[in-house]
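Visitor: need a structure here:
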Amino acid sequence: MIATFNRRDMLLGSAATLAPAIFGMNLLQAQTPGGVLRVGMTVSAVPSSNGVPDQGGEGARFMNITLYDQLVAWDLSRSDKAAELMPCLATAWSVEPGNAKRWNFTLRDGVKFHDGHTLTVDDIVFSFDRAFKRDAPWFDQRAYGQALPQIPGVVAWGSAGKNKFWVETATIDTTLPYALTWLGIVHKGAWEAAGRDWNAYTAKAVGTGPWKLESFNQRERAVLVRNENYWNKNRIPKSSKLILLPIPDANARVAALRSGQVDFVESPAPDAVESLRKAGFKIVTNVYPHNWTWFLAQTPGSPWLDIRVRKAANLAIDRGALKTLLGGMMLEGQGLIPKGHPWYGNPTFKLTYDPDAARKLMAEAGYNTKKPLKTKVAISSSGSGQMQPLPMNEFIQQSLREVGIEVEFEVFEWQAMIEAWKAGAGAPASRGCTALNISQGPFDPFRAFARILQTNMAAPAGVNWSKFSDPELDKIFLQIQQETDTAKQNALLAKVHGTVVDRALFLFAAHDLSPRALSPKVKGFVQAQSWFQDLTPISMG
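Guide: Residues are numbered from 1 along each chain as shown. Just a heads-up that it's a prediction; the model follows:
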């Protein structure tokens, strides 16, 4: 669709075009005095309110852990260490003795839904039915489509008596509690009140979370209000209202912040960061498990089947210059996880900037700048965790051209990109692309490697978009899923990561620092080392 970009003209032009339409119609209406937090999201539509939202991690951040609770949650209260799991609607969980595929959960007493309904084990069963039981009258296809990539191994579930719930997986899976952080709990009565229609339910969503839905317009905004009766008194929101606004253009988000029309923006334009600081706005960042890569197709006919081409592409990127382009708001990509992490391992292929070595590898593969390899790559115009996708991809495009790889971009809207990711290389949804730029969060053993590399996770069964397959690695993935000793599991994960880097299975560009820009009025925000963030401590000065 687009072969090259003029970064500044495109972004400034987009901001100028979007500002009158978005600011005049929506944001000015959102200015309600006192205790109102207005957030500018990077997505082009408000994530679904159904408890298993679309729009990737940003959907979960703003429309899942706000309106809903999950059986297991992330502790997002600290910025000085990686987020850890904590009890939520389940107060305890454990593997059943004698059956390591089954997990047992004890539910919390006294939890109320927004409509006054008291949480029971039947609500947990209903929530799993609607997401996974395809013949259930209340099955929700959209929930299934979003839940399956996050929780692919669940095969059975049910009640074991009052406040007791069990889940069984296809294989032994020690990572299941991490997966369950994606599934918001709903109840049958709310679905019935919406006319037994999950589409109608999105405007009448009911959860148990710290925020309640007041209004929902997918293309304009969602308005959430404080749940005064939230069961966790420490997390009753400090702000009375939360307004979520989709603003996919980075410069438009900055303009909205400067003009006082929003208070909190995700991923501000890098070249605006210093001027925002000087103007008194707060810029917050933190390390967290997030890589920004290109997935490289391993399907028949893909140029990325050749390891020389994969390595050449990685050697062609000056990651230090990319970091400068982003105003320092990244770590240089050194794999799927950064150096120093227990899973990093000891890869021998060094991800340095060496264009001469890259050109030599391309020559061995039969290409050069006069006879370039030509291919098409899927990128997004914005989206959750995508950092600054247009200028970053333009930078990589120019870098690859210098070593004999000519890239044409196919630009996707963010949710369309997610659907292409789930469909896989070679599927019509991927539009003939042999690589796909999508960020992902390696915050547990399954999401770090298995779901994007394991043979049985090949799309559309999972999100192994590249359709990579290696029986030897599959054996290690199975060991990882069954290993309960952390040190042994870490050693296995380090072995996998060393192999991933040495075989250059992805184009490794960056690790995100998740910059956010905040109005001076925003008080109390703690940027957790997590894909998710807690907005409940924020008060508006």
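Visitor: count of neighbours near residue 95?
Guide: By other Cβ atoms under 10 Å, the residues close to residue 95 number 16. Any C-beta I mention is one placed from the backbone N, CA and C, and that applies to glycine too.
Visitor: I'd guess it is in a strand, am I close?
Guide: Yes - residue state for residue 95 (DSSP: H, G, I helix; E, B strand; the rest coil) corresponds to a strand.
Visitor: I'd like the distance between it and residue 147.
Guide: 22 Å (Cβ to Cβ, to the nearest Å).
Visitor: tell me the centre residue of this protein?
Guide: Central residue of the chain (Cα atoms, centre = their mean): residue 57, 3.0 Å from the mean position.
Visitor: so that residue, which state does it fall into?
Guide: Classified using three-state DSSP, residue 57 is helix.
Visitor: that one and residue 288, how far apart?
Guide: For residue 57, the distance to residue 288 - Cβ to Cβ - is 11 Å.
Visitor: shared neighbours of these two, anything?
Guide: Common contacts of residue 57 and residue 288, defined by Cβ atoms under 8 Å, 6 or more residues apart in numbering, comprise 441, 531.
Visitor: what confidence value was assigned to the residue nearest to the centre of the chain?
Guide: The model reports residue 57 with a pLDDT of 87.
Visitor: how far away is it from residue 246?
Guide: Going from residue 57 to residue 246 by Cβ to Cβ gives 15 Å.
Visitor: right, and the helix or strand after the helix or strand of the chain with the lowest mean pLDDT?
Guide: Using mean pLDDT, DSSP states H and E, helix 7-22 stands out as the lowest-scoring helix or strand of the chain, at a mean of 39. Going down the chain from helix 7-22, the next helix or strand is strand 36-41, by DSSP states H and E.
Visitor: ok, now how distant is the most far-flung residue of the chain relative to its centre from residue 362?
Guide: Distance to the chain centre peaks in the chain at residue 370, reaching 38.6 Å (criterion: Cα atoms, centre = their mean). According to Cβ to Cβ, residue 370 stands 11 Å off from residue 362.
Visitor: check residue 150 too.
Guide: 38 Å.
Visitor: repeat that for residue 419.
Guide: On the measure of Cβ to Cβ, residue 419 and residue 362 end up 32 Å apart.
Visitor: buried residues, stretch 88-106. List them.
Guide: Going by neighbour count (16 or more other Cβ atoms under 10 Å), the buried part of stretch 88-106 is 88-90, 93, 95, 101-105.
Visitor: dump these to JSON lines, plus secondary structure and pLDDT.
Guide: JSON lines is the format used below for the buried residues of stretch 88-106 (DSSP: H, G, I helix; E, B strand; the rest coil; pLDDT from 0 to 100):
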{"residue": "88", "secondary structure": "coil", "pLDDT": "98"}
{"residue": "89", "secondary structure": "coil", "pLDDT": "98"}
{"residue": "90", "secondary structure": "strand", "pLDDT": "98"}
{"residue": "93", "secondary structure": "strand", "pLDDT": "98"}
{"residue": "95", "secondary structure": "strand", "pLDDT": "96"}
{"residue": "101", "secondary structure": "strand", "pLDDT": "96"}
{"residue": "102", "secondary structure": "strand", "pLDDT": "97"}
{"residue": "103", "secondary structure": "strand", "pLDDT": "98"}
{"residue": "104", "secondary structure": "strand", "pLDDT": "98"}
{"residue": "105", "secondary structure": "strand", "pLDDT": "98"}
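Visitor: could you dump these into a markdown table with distance to residue 494 added?
Guide: Formatted as a markdown table, the buried residues of stretch 88-106 follow (distance: Cβ to Cβ, whole Å):
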| residue | distance to residue 494 |
| --- | --- |
| 88 | 30 |
| 89 | 34 |
| 90 | 31 |
| 93 | 27 |
| 95 | 24 |
| 101 | 26 |
| 102 | 29 |
| 103 | 26 |
| 104 | 31 |
| 105 | 31 |
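Visitor: and of those, the nearest to residue 236?
Guide: Relative to residue 236, the closest of the buried residues of stretch 88-106 is residue 88; by Cβ to Cβ it sits at 15.2 Å.
Visitor: out of everything not next to it in sequence, what's closest to the closest one?
Guide: In this structure, residue 88 finds its nearest non-sequential neighbour in residue 73, 3.7 Å apart by Cβ to Cβ, 6 or more residues apart in numbering.
Visitor: for whichever helix or strand residue 475 is part of, packing partners?
Guide: Take DSSP H and E as the rule and residue 475 turns out to sit in helix 471-482. In terms of contacts (3 or more Cβ pairs under 8 Å, 6 or more residues apart in numbering; DSSP states H and E), helix 471-482 is packed against helix 486-502.
Visitor: so which bits of the helix it packs on are buried?
Guide: 489-490, 492-502.
Visitor: let me see the ranges of the helices in the stretch 201-350 of the chain.
Guide: Per DSSP state H, counting those that start in this stretch, the stretch 201-350 of the chain carries helices over the ranges 250-258, 273-278, 307-315, 319-325.
Visitor: ignore what I typed, I meant the stretch 401-541 of the chain.
Guide: Going by DSSP H, counting those that start in this stretch, the stretch 401-541 of the chain shows helices at 414-423, 445, 451-453, 471-482, 486-502.
Visitor: what comes into contact with the shortest one?
Guide: Applying Cβ under 8 Å, 6+ apart, the set of residues contacting helix 445 from outside is 174-175, 480-481, 489, 493.
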